[in-house]
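Colleague: Next come a sequence and a model predicted from it.
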Amino acid sequence: MKRDFLSIADWSAKDLLKLLALSADMKARPGKYKDSIRGKSVALIFEKQSLRTHVTFDVGIYQLGGHSVYLTQSDINLGKRESIHDVSKNLERWMNAVVVRTYAHQSCVDMGKYMKIPVVNALTDYEHPCQAVGDFLTVVEHVGKPKKKKFVFVGDGNNVCNSLMLMASKVGMNFVAATPVGYEPPAEILKLARKAGKETGAAIEVIRDPFEAAKDADVVYTDVWVSMGQEAEKEERLKAFHDYQVNERLMKLAKKSAIFMHCLPAHRGEEVTDDVIDSRQSVVWDEAENRLHSQKAIIYTLIKG
Ligand code: CP
Ligand code: NVA
């Protein structure tokens, strides 16, 4: 049976831990996996901009011996020039997997249904599961075993927050999101995270005060206040998130050993100050690097089974 990688919620804790272990092994022993997907082709469909996800999938697939075909909206005009169904039915005849960055999460779910080949969510408005795998590899490297440690997400309860919260719940890490009213993670994500957290011992909380949240944190994470596709809401969002900046004052409340994380791209001076993102506590470039290793693990797992 083919598997997709669309949501962290779809994968068991055991399989996610296996994926994290494989990501670490990909990083430690890249030669072992060289040419492991020789002759396989992967489509990379991007309806939104990308630096990290595009480059790391492309390079990762090359390093595994496979071949990638990059398709933007101006190439295929997904859902307009041709329906998602028909695009999917074509792609499955030529490709061995499809990676897709799109707006509606449902588009990605539909592609998974239409195709006999694996589909990977490379970011939707709802989730960014590849980011969560790379980031938890980074957490393990810097903080050690995540169980019972404290992960704090400050700002918008967005796609990145959703995937991180789900991942934390699956690996037993306590998770606190500090968001303004109206910007909380969706209720169904909270429900799924709390359910998984019951089994792993992870407490999942949503509160208002970012300073309260930051107390004794092992990880402080933030993301942009205006995600791709929300540009029309920019003014109201900048106002709503005004008190949610990760700055030195906030970082002082976290553990001395705490790390600062950001999926990038960062809007310096908005959600994070230069002195935090450029500090010794910041691991943002490690996160960017780990996207490569973890996505190689995802592609390898889905194609090689
Ligand atoms: N973090 C991340 O997904 O970056 P890109 O949008 O540049 O791919
Ligand atoms: N929340 C951001 C993440 C970018 C990687 C967005 O969706 O634009």
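Modeller: Great, that's in hand. Ligands and ions are numbered 1, 2, ... in the order given.

Colleague: which residues in the stretch 201-305 of the chain form strands?
Modeller: 204-207, 219-222, 259-262 (DSSP state E, counting those that start in this stretch).

Colleague: Please identify the most buried of those.
Modeller: Highest mean neighbour count among these (mean count of other Cβ atoms under 10 Å): strand 219-222, with a mean of 28. For the C-beta atoms, the positions are set from N, CA and C on the backbone; glycine is no exception.

Colleague: What pairs with that one, parallel or antiparallel?
Modeller: Strand pairing for strand 219-222, using DSSP bridges, gives strand 150-154 (parallel), strand 259-262 (parallel).

Colleague: okay, that strand in CSV with CA atoms only?
Modeller: Extracted in CSV, the C-alpha atoms of strand 219-222 (Å, rounded to 0.1, in the frame of the first residue of the first chain):
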residue,chain,number,x,y,z
VAL,A,219,12.7,25.8,22.7
VAL,A,220,11.3,29.2,21.7
TYR,A,221,9.9,29.2,18.2
THR,A,222,8.2,31.8,16.0
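
Colleague: Tell me which of the strands paired with strand 219-222 approaches ligand 1 most closely.
Modeller: Closest to ligand 1 of the strands paired with strand 219-222, according to Cβ to the nearest ligand atom: strand 259-262, at 8.6 Å.

Colleague: Contacts made by that closest one with the rest, please.
Modeller: 135, 138-139, 142-143, 218-223, 246, 251, 271-272, 276-277, 279, 281-284, 287 (Cβ atoms under 8 Å, 6 or more residues apart in numbering).

Colleague: Same list (the strands paired with strand 219-222) but as JSON lines, adding mean pLDDT and distance to ligand 1.
Modeller: Shown next, in JSON lines, are the strands paired with strand 219-222 (pLDDT from 0 to 100; distance: least, Cβ to the nearest ligand atom, whole Å):
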{"stretch": "strand 150-154", "mean pLDDT": "99", "distance to ligand 1": "14"}
{"stretch": "strand 259-262", "mean pLDDT": "99", "distance to ligand 1": "9"}
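
Colleague: Among those, which comes closest to ligand 2?
Modeller: That would be strand 259-262 among the strands paired with strand 219-222, by Cβ to the nearest ligand atom, at 9.5 Å.

Colleague: from the middle of its chain, how far away would the closest one be?
Modeller: Centroid separation between strand 259-262 and its chain, computed with Cα atoms, centre = their mean, to the nearest Å, is 14 Å.

Colleague: Then stretch 245-258?
Modeller: Counting by Cα atoms, centre = their mean, stretch 245-258 comes out at 23 Å from the chain centroid.

Colleague: send the alpha carbons of that stretch over as CSV?
Modeller: This file holds the C-alpha atoms of stretch 245-258, laid out as CSV (Å, rounded to 0.1, in the frame of the first residue of the first chain):
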residue,chain,number,x,y,z
GLN,A,245,7.8,39.6,19.2
VAL,A,246,10.5,37.2,20.2
ASN,A,247,13.2,39.6,21.6
GLU,A,248,15.9,39.4,24.2
ARG,A,249,13.5,40.3,27.0
LEU,A,250,11.4,37.3,26.2
MET,A,251,14.3,34.9,25.7
LYS,A,252,15.6,35.8,29.2
LEU,A,253,12.6,34.1,30.6
ALA,A,254,13.4,30.8,28.9
LYS,A,255,16.0,28.4,30.2
LYS,A,256,19.6,29.5,29.9
SER,A,257,20.2,26.6,27.6
ALA,A,258,17.1,27.3,25.5
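
Colleague: and that stretch, which residues are buried?
Modeller: Under the neighbour-count criterion of 16 or more other Cβ atoms under 10 Å, stretch 245-258 has 245-246, 250-251, 253-255, 258 buried.

Colleague: ok, so of the residues you listed, who is nearest Leu44?
Modeller: Nearest to Leu44 among the buried residues of stretch 245-258 is Val246, at 31.1 Å by Cβ to Cβ.

Colleague: Assumed Leu190 was part of a helix.
Modeller: Yes: the assignment for Leu190 is a helix, going by DSSP: H, G, I helix; E, B strand; the rest coil.

Colleague: show me what contacts Ala297?
Modeller: Contacts here follow Cβ under 8 Å, 6+ apart; on that basis Ala297 touches 19, 22-23, 25-26, 133.

Colleague: Not counting its neighbours along the chain, what's nearest Val99?
Modeller: Setting aside the residues directly before and after it, Val99 is nearest to Val120 in space (Cβ to Cβ, 6 or more residues apart in numbering), at 4.4 Å.

Colleague: and the helix or strand encompassing that neighbour, what other elements does it pack with?
Modeller: Using DSSP states H and E, Val120 maps to strand 119-121. If you count contacts as 3 or more Cβ pairs under 8 Å, 6 or more residues apart in numbering; DSSP states H and E, strand 119-121 packs onto strand 97-101, helix 105-114, helix 129-143, helix 284-304.

Colleague: What I need now is these written out in TSV, including distance to Tyr33 and mean pLDDT for each item.
Modeller: Converted to TSV, these look like this (distance: least, Cβ to Cβ, whole Å; pLDDT from 0 to 100):
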stretch	distance to Tyr33	mean pLDDT
strand 97-101	15	98
helix 105-114	25	98
helix 129-143	15	99
helix 284-304	6	98
